[in-house]
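# mind folding the following:
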Amino acid sequence: MSDIDEDALAEVYNRGLDLEKSGDLEGAAKAYREALELDPSDTGGVSIRLAAMGRGETPEKMPDAYVETLFDQNADVFDDILVDQLGYCVPLILRDKVRQLGIGPFQRLLDLGCGTGLTGVAFSDCADHLTGVDLSERIVELAFDREVYNDLYVGEAVSFLEEFEEDDGSRPSWDMIAATDVFPYLGAVEPILKAAADRLASGGYLAFSTETLPDDFLQGRPYMVGPKQRFAQGETYLRQRLAAESFEILSFEPITVRLEDGEPVPGHLVVARKS
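Presented below is the predicted three-dimensional model:
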């Protein structure tokens, strides 16, 4: 951010927000494009806003700089917002599903996008070794305070899967990879499914949650940015991409991911096994 005129960026970004709220989407789009020119790393996530307004191409994922900034800024109130205000309980839903399926305990579990450690807490009784990774350094510090992880790393989920090595240069595998509330930030799922398949032990499990939208919103698109600036994926798309990476779907169920303005946000909870 050192080479960015932060005052100018804040002015044009806030102008875009005001115009968007007033209903002037063309004016907002123009302001957001100016912001993107000032800040190509897209710390403010204007590319996502442009896509949500139908005024820009849908990116394959949210900008890393945006996600990192978003979570760093909200770290101290993260649990209050997510759990208390939005009613988020996907880690507990996943833990119950794992019990129902009769899988586990797990020797090595990787928690992608671990946040403050809610999934780590939910699985602390059925994993010998827990590894957490998140893009936000501040969030990882809070996860460390929960004292449930054996290892914690700061990094982007797909890059971590593709590149992580132990100190001795070995590339570890996991028998369970969980990614709760990660896919709404990714859009295209091909990279994470391929990377996860490469890192799972034979017969290992991948579990993840998604958000979705009605068919009349998706209109046959595999994924899109929804009105709340989060990615939604279609069921057919997810099933096809899982099959392409030789995953056997054990469970694919609709869930309420969280609340938004008091209304339930629909999504899916998926558990699959590497064939």
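# burial of D111, as a residue count?
30 (other Cβ atoms under 10 Å). For glycine as for every other residue, the C-beta is placed from the backbone atoms N, C-alpha and C.
# would you mind measuring from it to G187?
According to Cβ to Cβ, to the nearest Å, D111 stands 21 Å off from G187.
# and the helices in the stretch 1-150 of the chain, which stretches?
Listed in chain order, the helices of the stretch 1-150 of the chain (DSSP state H, counting those that start in this stretch) span residues 6-22, 25-38, 46-52, 64-74, 78-79, 90-101, 118-122, 137-146.
# L193 is nearest to which of the ones you listed?
Of all the helices of the stretch 1-150 of the chain, it is helix 90-101 that lies closest to L193, at 17.3 Å by Cβ to Cβ.
# chain center to the closest one: distance?
18 Å (Cα atoms, centre = their mean, to the nearest Å).
# packing partners of that helix?
Packing partners of helix 90-101 (3 or more Cβ pairs under 8 Å, 6 or more residues apart in numbering; DSSP states H and E): helix 118-122, strand 200-211, strand 247-260, strand 263-274.
# go with 10 Å
Applying 3 or more Cβ pairs under 10 Å, 6 or more residues apart in numbering; DSSP states H and E, one finds that helix 90-101 contacts helix 118-122, strand 174-179, strand 200-211, strand 247-260, strand 263-274.
# tell me which of those sits most buried.
The highest average neighbour count among these, using mean count of other Cβ atoms under 10 Å, belongs to strand 174-179 at a mean of 26.
# how about low-confidence regions in the stretch 101-250 of the chain?
By pLDDT under 70, the stretch 101-250 of the chain has no low-scoring segment.
# hey, where'd the strands end up in it?
106-112, 127-134, 151-154, 174-179, 200-211, 223-225, 231-233, 247-260 (DSSP state E, counting those that start in this stretch).
# redo the ones you listed as a markdown table? Include distance to A65.
Output for the strands of the stretch 101-250 of the chain, formatted as a markdown table (distance: least, Cβ to Cβ, whole Å):
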| stretch | distance to A65 |
| --- | --- |
| strand 106-112 | 19 |
| strand 127-134 | 15 |
| strand 151-154 | 14 |
| strand 174-179 | 21 |
| strand 200-211 | 22 |
| strand 223-225 | 17 |
| strand 231-233 | 17 |
| strand 247-260 | 24 |
